[in-house]
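*Asks:* Sequence and predicted structure are below.
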Amino acid sequence: MTTKTITGALHPTLVRASAGTGKTYQLTARLLRILLQDSPPETILATTFTRKAAGEILNRVLEVLAKAGDDNDQASLKALQEQVGIPSLQHQTCRQQLHRILKNIHRLRICTLDSLFTQLARSFPFELSLPPAWRLTDEIEEVWIQERAVSNVVSILNPSEMTTMLTMLGKGEIKRSIQRELMQVVDTAYGIHRRSTSDAWMKLVAPKRPDQKEITKVAGELRQADPSQKTVRAKLQKLADAIETGDFNSLVDDTLIRNIAKARRTHAEVKFGRSKLPDGLDDALDVVYAAVRTELVGLLVSQNEATAKILAAYDFHVNTLKQSSRVLSFEDVAVRLSRLFSGIDPQALINRMDGAIDHVLLDEFQDTSPAQWQVLRPLAVRACNVEAAVEDGSERQIGRSFFCVGDTKQAIYGWRGGVAEIFDAVTDEIDGIAETEQNESFRSSPDIIDFVNLVFRNLSRHPLSSEGDPKDPSDKTAHEATAIRRFASQFPDHTAFKKSLKGYVRIQTSMKVEGGDKEANDNACLEDAAKQIAEIAKEASGKKIGVLTRTNSAVAQLINMLESLNVEVSQEGGNPLTDSAAVETVLSALMMAEHPGDGRWRFHVEQTLLVADPTLTADSIRRMVEQRGIAQTVERLCGTLAPICTARDTLRLRQLARLAIAYENNPQPRLRDFVRLVREKRIERPQQAQVRVMTVHQSKGLEFDVVVLPQLDGPLTRSSGNCVADAKSLSESPQGITRYIGQDYWHFLDKKWQHAFGSQGASAMTEALCLLYVAITRAKQALYIVVQPSNKKEFSTKTAASLIYHAVGCEKDPTESGSVLYESGHSDWSNKDQVMENADVPVKKVQIQFRHATSEQRRSANRSATTI
Ligand SMILES: Nc1ncnc2c1ncn2[C@@H]1O[C@H](COP(=O)(O)OP(=O)(O)OP(=O)(O)O)[C@@H](O)[C@H]1O
């Protein structure tokens, strides 16, 4: 069989593409083009963020080739010719290529980064010190191993060491649960600890404390000062008492201490309230401030030392446990590979791998972590090195290619290590890469796109965006305000391709619960949203509705509310099976067997299961587990309950029984662990309903005719219990790390650390804006936003609801319940005779023009240029 070779240069390309602009379409087009050039499948690597997306790309490739290969389907061939830019493409070539791909499908790497890294790791078992016959953990097993490792750390410390350690970890306060405190340290700091050098925790140092003689002298001066106001006199006495007794800790929150910092920064006088302080005290105040600063930073230094020690011990124990069970997490694989790859010659790497990768295509690039980029970089550099392929004597003009696409406005995985700034690393590290930008949405109607532009270009209308002192690096609000202004000013104007598609946007307040607390009002808002969703589902039958929340608990609540309104609903990504009361009953029965003395379980079971079958006592269930195992016991309990359950509960019971069968393959199946597994593992319902409820994170990459956002009233960012890294750029390993301290104490840090803390605050705000962008841009036609009535007319809270309210220039009273605050587009958007989506929408050929520029020019221009 001969195939005609198609030639033509594929320039190394980076695409910054806004939501709905066809990233997947373009990546598929590029992949098809490479395949149509006869490139061997094993030389191609295409990565995406989820397994589902990888599967969709492969399906699309096969489907497109199959259709274009049909001699009777001229339209499909023409569409493919346009998509790949090869006008001479023939039906026969498509068939031949399809045949070739199907024969070699196992060699084609269209996968997630996790899966690629697992494959790569298998080529370097010795260099990566992998245990023989290793396997990957899932996230639940991972947590269990982490907990065991933490227990081991606790067991090696003697009681006095433990007390000291905990005092240091908790900034002087001893926390109640040792295990919980250490788990939190591991959770928040281990990831960054692994990416840093061992001395990174020692980089924050406390300034020297003024000597005792000086402190005693200053205490005397403070006592002798004779201010006219009583309050000032009392304050100076308090300062003198505290420093004389060495109780500097009591002053870290003191207003006067904060005022000293502010006065020194602004070159103004130190004041206490409105009162001036007596003349001649400046030097004394500086000494007090320096002593308090030493105290606070000193405590942070101790916390860092303790954290470093705990993490080193944890690292040892977790690795020992994993080595002995022969398991690794995806993160372990990525970290080991990144260490190996950072110093490896790309050619040596290729020689060791299972075949060379010549074509690299990377999707969702904004979510790549620095460790992942370190692994991808040698592959990318090689793929961009087209000249070398020609020198190799290759007959094809293109031996290699590199393509990467993403959207920094959708970077919502910072907590998993994703770093949008990686885009700049690519343009810096890969010479001659061409950049393009796409902002024309193929997904959303013009009304939705107008709303997107209105919100994000006008974020600066919110009072938050002008708060804080931009000259003060210790002012967190100022860092956040800068992030908001930057997001708005860099936001490119989006356009809609489907000009005739009708759309609608409505923002409405929910009913207020008079005298109700936060929880009552949160519930009321979800209740209102559920009622609206039920109406929309009826009116717009056949339209897909996505309900996107911030939290998992809201997902579960909404599902219950919608079901009670008889709305067919399903959940993306799944919930733990405990969203079913029937499953909870089975778990209570198992716990009752495990702890017969604990009345809680018995009480629950007596109300439910025992009504159905009084022979199911703690004793009988325990015997059943001993004699027949967990799976059969669970099956028996589920079978007893099923006849008295709804169809929904019966389905969950069936899934529980299946989980029990799988669990029994564990080497040591224990009842307690099984119950825990059920409580933690997310299991999807098999069918997708018209209404799908999920978190915004889970909605990434998806689209719906209608999007409902019922939970925009929570704080945009949460105060971070994390640690803070000092790195030259976000894509580099941190040079220093410290535990976090609240913004009120940032003034005690030196400028370098203030900037590090500030950047972290700004990143958190940017991520919150990205999350809002992802949520809004999932909508094709209609967007319904339900917000709680504000407590105040100014509505200046730090919430997404308030940001939107100000950005759209709303003038309606936000404190009113059940009021439409904003409306645009066509409220009759769902009328069938008016909406003929897709039928009249031709596939648009995307033409990309390349710009070549220096990396400096690219960085400044890359957010503003539109090249399609
Ligand atoms: N060139 C095109 N012509 C017509 N429709 C297109 C084209 N490219 C993409 N589409 C359609 O537009 C929608 C959005 O495409 P896609 O999901 O690839 O966008 P995306 O850039 O990945 O979006 P997001 O980043 O928001 O997930 C899909 O329904 C897709 O079929």
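*Replies:* Sure thing, it's come through.
*Asks:* Quick check: nearest residue in space to W201, chain neighbours excluded?
*Replies:* Spatial nearest neighbour of W201, chain neighbours left out: A308 (3.7 Å); criterion: C-beta to C-beta, 6 or more residues apart in numbering. To be clear about C-beta, it is placed using only N, CA and C from the backbone, and glycine gets the same treatment.
*Asks:* Map the structural domains onto the sequence of the protein.
*Replies:* The chain resolves into domains spanning 13-131+339-438, 135-325, 444-574+687-834, 577-683 when parsed by the TED database.
*Asks:* Mean neighbour count, distance to the ligand and mean pLDDT added to those, as CSV?
*Replies:* As requested, those are exported to CSV (neighbours: other C-beta atoms under 10 Å; distance: least, C-beta to the nearest ligand atom, whole Å; pLDDT from 0 to 100):
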stretch, mean neighbour count, distance to the ligand, mean pLDDT
domain 13-131+339-438, 19, 3, 84
domain 135-325, 16, 24, 86
domain 444-574+687-834, 19, 4, 91
domain 577-683, 17, 22, 87
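*Asks:* Out of those, which is closest to D332?
*Replies:* Closest to D332 of those is domain 135-325 (C-beta to C-beta; 7.0 Å).
*Asks:* related to what we said a few turns ago, ok, the residue nearest to W201 to V186 distance?
*Replies:* As judged by C-beta to C-beta, to the nearest Å, A308 and V186 stand 13 Å apart.
*Asks:* How about E127?
*Replies:* From E127 to V186 the distance is 27 Å (C-beta to C-beta).
*Asks:* Could you do S196 as well?
*Replies:* Distance from S196 to V186, by C-beta to C-beta: 15 Å.
*Asks:* for the closest residue to the ligand within the stretch 351-500 of the chain, what are its contacts?
*Replies:* Nearest residue of the stretch 351-500 of the chain to the ligand: F442, at 3.1 Å (C-beta to the nearest ligand atom). Going by C-beta atoms under 8 Å, 6 or more residues apart in numbering, F442 touches 20-22, 25, 497-498, 844.
*Asks:* From the chain's centroid, how far away is the helix ranked longest in the chain?
*Replies:* Taking DSSP state H as the criterion, the chain has its longest helix at helix 282-325. Once both centres are worked out by C-alpha atoms, centre = their mean, to the nearest Å, helix 282-325 turns out to sit 27 Å from its chain's centre.
*Asks:* counting contacts, what elements does that helix pack onto?
*Replies:* On a contact count with 3 or more C-beta pairs under 8 Å, 6 or more residues apart in numbering; DSSP states H and E, helix 282-325 meets helix 139-156, helix 159-169, helix 178-194, helix 212-224, helix 230-244, helix 255-266, strand 736-739.
*Asks:* closest one to R107 among those?
*Replies:* Closest of the helices and strands packed on helix 282-325 to R107 is helix 139-156, at 29.7 Å (criterion: C-beta to C-beta).
*Asks:* the inter-axis angle of the closest one versus helix 282-325?
*Replies:* 110 degrees (axes from the mean of the first three to the mean of the last three C-alpha atoms, to 10 degrees).
*Asks:* Contact partners for the residue nearest to W201?
*Replies:* Residues in contact with A308 (C-beta under 8 Å, 6+ apart) are 193, 198, 201-202.
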